[in-house]
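Engineer: this one's structure only:
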C-alpha cells in the first residue's frame, strides 16, 4: 500500500487497540510537573539569551506555559521505542503465526534505542533478533542491545549504509524486517505514549483543582510536543490526538540540517537524506515516508520547530538539575522549543492568552552515561 | 524533656498525624522498581570488586534482593527535608499562633537541603526565615535557599561554628530555632516518607501479582534502608515501622569517620563530633541526641552499615544510568550498602533465604549540578 493511503488508516482506534495489546509488556511511565520550569518558561527571555538570533531586536515573547512531562526515559530499555517494538512483534505473531516468526527471526537497523527495544521485545517473545547498529553508536546503547539480541552487526552511519547491511542479513537468515520508525505498527505502538499522557493529565487535573486552569472550557491538553527523528513518535502521537482539541507539534535540532522535517515542510517536499552529528543522536535520521504523510498533514501536526545545540544543552541541564530525571539530549528538544524558540513562544502568547497553555512534553529517552554527561558539561 | 523520654513519645500515630497536616504542601513522590538493579544486587560480587576488603578471601554473599526506590529526590526542593520543615512550621503555628510566628520568624543552620526546605516552607506560610549555611555549601543549594529565604548568613562548617552564628542571629532577631534534624516535629515529618513508601509498595504489589513473592506470608516490605546524617530521616522512618514486620537499617559513608552513628553503636556511645569531607555532603554531621535514642534502640533500628566513596560513586552511576533519576551522592548510600557491603548482603542471604527480601530504598535528595556530576565522573 502506498504511504498516502496507509496514512489514512492511522486513526485513534488503532492506538487504543495497540495499547490493549502491549500493556502487559510496557511501563506506565510517570507524568511529572515542575513549578520552577513553568516559571522559567513563563518569563520572557533576556536580551543576552536572544543575541545573534534573527529576532534579537523584537520584544521577547511573554507566554504562560505549564508543563506536563511524560517520562518515557523511564520506559523499559529507557525509551518510548519499547512500545513500537512490542507492538510490531505482537502483530507479526498475529499475522504470520508464532511458529513462522520464531523460525525466521527479525532484523532491524537503529542507532540505539530501537535496537535495544526490538532486542528486548524479541527476547521476551522468544524470537531471534539480528540488529544492525552504526559503529559510532553510544557504548551504553550497544551494550544494552547486546544483552538481548541474538546477533549485533555493525554498519556505517547513513541510512543507505545501514540498509545495505540489513539486506545482507536478510539474505543470510530470511529474517523479517521491523523498520525503526517508518512502519504502520511501530507508529501505532509509539502513539500509545499519547494515550497514557492524556489519561494521566486528566487524572492529575481532576485530583488537583488548582491545576484546572481552563475550568469548564478545557478538556485535555492544549498542546503536545515531541522530538522528530524518523518521525514515528510524532506521527503516532498526532494520530491519537486527531479530532481532539490538543494541538501536536514536532521539534528537531537545527545543527547540520538535522531539522529535515521542518525544512521539508517549508519547501513542500520531504528531505530524504540527512548527515548531521547533532548531540541529539536519536534525531540524525530523515523523517520516514509514512510519517511524512502524517506530519505534513496540517490537520494532524500544527508545526515543527528547531533549536540549537546550546539550547538543547541548556534544556538538558534544567531537566537534570530541576526535574531530577536523566534524559538524553534528543529527549529535550521539545522542551527547548518551549523555552527558547521565539516563534513558538510568540504563538503560545497569542493563542494561549493570559490563561496560557498546558503543554505535554514527551521525554523520549534517557539512555546516556555519566561520562557523556561529563563530556557535555565538564 | 530529656531525649530518652521524648523518644518514647515518637510513635506511629504521630507520623500519621504529621502526614495529615503536611499532605497539601508536599509531593507524593514516585516509587520505582528496576529489574536491572535487582539483577545486579542478586548476583554475588566479583573477586575484583572485593579486593582489599576485610572479607576478600570469603565466598561472596548471594542474597536475593528486589528494590523499591522512594524518590524523595523528586520531593519539593529536591529532598525529603521539605516534609520535616513544613511539619515543624505548621506545629509551631498551632502551638504559638500565626501572629507570633510570623512576627518573630524562624532560624536554622544547614548545609543545604534543610535550608532550602525551611526557606520554602516559611515562604509558603508567610514567615520570615533566617538561614545559616556553611560557606562551602554546594552553589545550587545556596541559590535554592536564597530564592525563598529572608536572609542567608554564612558560617564555618562544624556544628559548633554553625550554632554560634545561629545564636547570634537569634540575639538580633528573636527568631525561633527550627533544628535541622534533632527535633521531635522534624522527625515526625521525615517519617511520613515511610508511610507513603509502605502505601505505595502495598498498592504496587496488589496491582502486580508477579511482585507478590511472599504470597500470604508477607505484608509490607522486608526492610527499609535510609541514609543517616543527623538521623532525622532514619529516626522518623524507624518510628513509623516500629511494631511492624519491616526491619529498618541505616547507611553512612565511612570516609574520614562520617560513619559516626555506626561507630557509636559499636562503642555503645554517641559520637558527638565529625569532621569529614565525604562526597555525601548531607551526611557530614554527627547523629543528633534524640535521633540517637531512636536509632540505638535495637527494637527500632536493626543496624547501621558503612560504604566507601568509590561504592557511593558506583551506586550513583547505576541510578543515573539505569533508574534514570538524578540523585546526590548522599542519596545512594543505602543502595550502596545493598550492592556492596558484604556484611549486609550475607545477612540478607541468611534471613531472606531463596525468596529473598523486598527492600525499600529512600533516595533522600537530588540536589546536585551537571558540573558536580562532571567532576565526579569526568
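Structural biologist: Looks like it came in fine. The shown structure was predicted, so the numbers you read here are calculated from the model rather than taken from an experiment.
Engineer: Find the helix or strand that the closest residue to chain B within the stretch 101-250 of chain A is a member of.
Structural biologist: With Cβ to the nearest Cβ, the shortest gap between the stretch 101-250 of chain A and chain B falls at residue A:140, namely 6.7 Å. Bear in mind the C-beta positions are built from the backbone N, C-alpha and C, glycine included. Element membership of residue A:140 [criterion: DSSP states H and E] is helix A:139-146.
Engineer: List the buried residues in the helix or strand encompassing residue A:21.
Structural biologist: Here residue A:21 sits within helix A:12-22, counting by DSSP H and E. Of the residues in helix A:12-22, A:12, A:14, A:15, A:18, A:19, A:21, A:22 count as buried by neighbour count, 16 or more other Cβ atoms under 10 Å in any protein chain shown.
Engineer: Wait, the first one touches residue A:237, no?
Structural biologist: No - taking Cβ atoms under 8 Å as the contact criterion, residue A:12 and residue A:237 are not neighbours in contact, 11.2 Å apart.
Engineer: What residues of the helix holding residue A:140 count as buried?
Structural biologist: Across helix A:139-146, burial judged by 16+ other Cβ under 10 Å covers A:140, A:141, A:142, A:144, A:145.
Engineer: Please tell me how far the lowest-mean-pLDDT helix or strand in chain A is from the chain's geometric centre.
Structural biologist: Least confident helix or strand of chain A, by mean pLDDT, DSSP states H and E, is helix A:47-50 with a mean of 80. Put simply, helix A:47-50 sits 28 Å off its chain's centre (Cα atoms, centre = their mean, to the nearest Å).
Engineer: what sits up against it?
Structural biologist: Contacts of helix A:47-50 from elsewhere in the structure, counted by Cβ atoms under 8 Å, 6 or more residues apart in numbering or on different chains, are A:56, A:60, A:340, A:342.
Engineer: That one: what's the following helix or strand?
Structural biologist: Counting by DSSP H and E, the element after helix A:47-50 in chain order, helix or strand, is strand A:65-71.
Engineer: How far away from the center of its chain is stretch A:215-231?
Structural biologist: Counting by Cα atoms, centre = their mean, stretch A:215-231 comes out at 13 Å from the chain centroid.
Engineer: and if you look at stretch A:160-177?
Structural biologist: Put simply, stretch A:160-177 sits 25 Å off its chain's centre (Cα atoms, centre = their mean).
Engineer: Report the buried residues of that stretch.
Structural biologist: Of the residues in stretch A:160-177, those buried under the neighbour-count criterion (16+ other Cβ under 10 Å) are A:162, A:165, A:166, A:169, A:173, A:175, A:176.
Engineer: circling back: what strands line up against whichever helix or strand comes after the helix holding residue A:140, and which way round?
Structural biologist: Going down the chain from helix A:139-146, the next helix or strand is strand A:151-155, by DSSP H and E. Partner strands and pairing direction for strand A:151-155 (DSSP bridges) are strand A:129-134 (parallel).
Engineer: For the nearest residue to residue A:180 once chain neighbours are set aside, grab phi and psi.
Structural biologist: Setting aside the residues directly before and after it, residue A:180 is nearest to residue A:114 in space (Cβ to Cβ, 6 or more residues apart in numbering or on different chains), at 4.0 Å. According to degrees, to the nearest 10, the main-chain angles of residue A:114 amount to phi -70, psi -40.
Engineer: what does residue A:362 give?
Structural biologist: In terms of degrees, to the nearest 10, the main-chain angles of residue A:362 are phi -90, psi 110.
Engineer: Please tell me how far it sits from residue B:295.
Structural biologist: Residue A:362 sits at a distance of 43 Å from residue B:295 (criterion: Cβ to Cβ, to the nearest Å).
Engineer: Closest residue of the stretch 201-350 of chain A to chain B?
Structural biologist: Going by Cβ to the nearest Cβ, chain B is nearest to residue A:324 of the stretch 201-350 of chain A, at 3.8 Å.
Engineer: which ones are touching that residue?
Structural biologist: If a contact means Cβ under 8 Å, 6+ apart, then residue A:324 has B:71, B:73, B:74, B:78, B:325, B:326, B:327, B:366 as its contacts.
Engineer: if you set the cut-off to 10 Å instead, what comes out?
Structural biologist: By Cβ atoms under 10 Å, 6 or more residues apart in numbering or on different chains, the contact list for residue A:324 reads A:32, A:34, B:29, B:71-75, B:78-79, B:325-328, B:363, B:365-368.
Engineer: Which helix in chain A has the most residues?
Structural biologist: For chain A, the helix reaching the highest residue count under DSSP state H is reported as helix A:184-207.
Engineer: Pull out the buried positions in it.
Structural biologist: Using 16+ other Cβ under 10 Å as the burial criterion, the residues of helix A:184-207 that qualify are A:184-198, A:200-201, A:205.
Engineer: How about the residues of the stretch 151-300 of chain A by chain B?
Structural biologist: Listed as neighbours of chain B in the stretch 151-300 of chain A under the rule Cβ under 10 Å from any Cβ of the partner chain: no residues.
Engineer: in the stretch 151-300 of chain A, which spans are strands?
Structural biologist: For the stretch 151-300 of chain A, the strands defined by DSSP state E, counting those that start in this stretch cover A:151-155, A:176-177, A:223-227, A:247-253.
Engineer: Redo these as JSON lines? Include distance to residue B:346 and mean pLDDT.
Structural biologist: Compiled in JSON lines, those are given as follows (distance: least, Cβ to Cβ, whole Å; pLDDT from 0 to 100):
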{"stretch": "strand A:151-155", "distance to residue B:346": "37", "mean pLDDT": "95"}
{"stretch": "strand A:176-177", "distance to residue B:346": "48", "mean pLDDT": "96"}
{"stretch": "strand A:223-227", "distance to residue B:346": "46", "mean pLDDT": "98"}
{"stretch": "strand A:247-253", "distance to residue B:346": "50", "mean pLDDT": "98"}
